[in-house]
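>>> what shape does this take:
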Amino acid sequence: MTAPEHDAIFAAVSHLPHLAAFALMDELVSRGSGTSEANQSAETYLRYAGAGFRDFTRIAASHPEMWRDISLANRDAVVAELDAYIKKLGEVRNLVAKDNGGELEALFSRAREARQNWNKNT
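Numbers count the residues shown, from 1 in each chain. Sure, this is the predicted structure:
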């Protein structure tokens, strides 16, 4: 594997998941003081967070300085992966906003099948 191939692959399968976990955790803990129903405190959200949130954000407990350095050292590939992920999240957002259950289920089904088949042939 060449260095550029390594950078592109690991930006997608290692670096992006870390950035997503850090971003979600930071977004949640940056929420309001809980002075209104629509503006609940981070503590309230975390009190109700379950296994999915715990599993998804586990890697946000990683070493911040190390991930800062990795992110900046592989900046171009990381930015490309962030752009692709943001685009996909936008597509998911639009499906939800448009109440498009069929397409949303199709996307979830493709992702589920890919996840279930991920390690079967390795």
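
>>> now do the contacts for the closest residue to M25 other than its chain neighbours.
Nearest residue to M25, sequence neighbours excluded (CB to CB, 6 or more residues apart in numbering): A60, at 4.2 Å. For the C-beta atoms, the positions are set from N, CA and C on the backbone; glycine is no exception. Counting by CB atoms under 8 Å, 6 or more residues apart in numbering, A60 makes contact with 18, 21-22, 24-25.

>>> dump those residues into a markdown table; add secondary structure as well.
Shown next, in a markdown table, are the contacts of A60 (DSSP: H, G, I helix; E, B strand; the rest coil):
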| residue | secondary structure |
| --- | --- |
| H18 | helix |
| A21 | helix |
| F22 | helix |
| L24 | helix |
| M25 | helix |
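
>>> turn these into JSON lines, columns for distance to R68 and pLDDT.
Converted to JSON lines, the contacts of A60 look like this (distance: CB to CB, whole Å; pLDDT from 0 to 100):
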{"residue": "H18", "distance to R68": "11", "pLDDT": "98"}
{"residue": "A21", "distance to R68": "14", "pLDDT": "98"}
{"residue": "F22", "distance to R68": "10", "pLDDT": "97"}
{"residue": "L24", "distance to R68": "17", "pLDDT": "95"}
{"residue": "M25", "distance to R68": "15", "pLDDT": "93"}
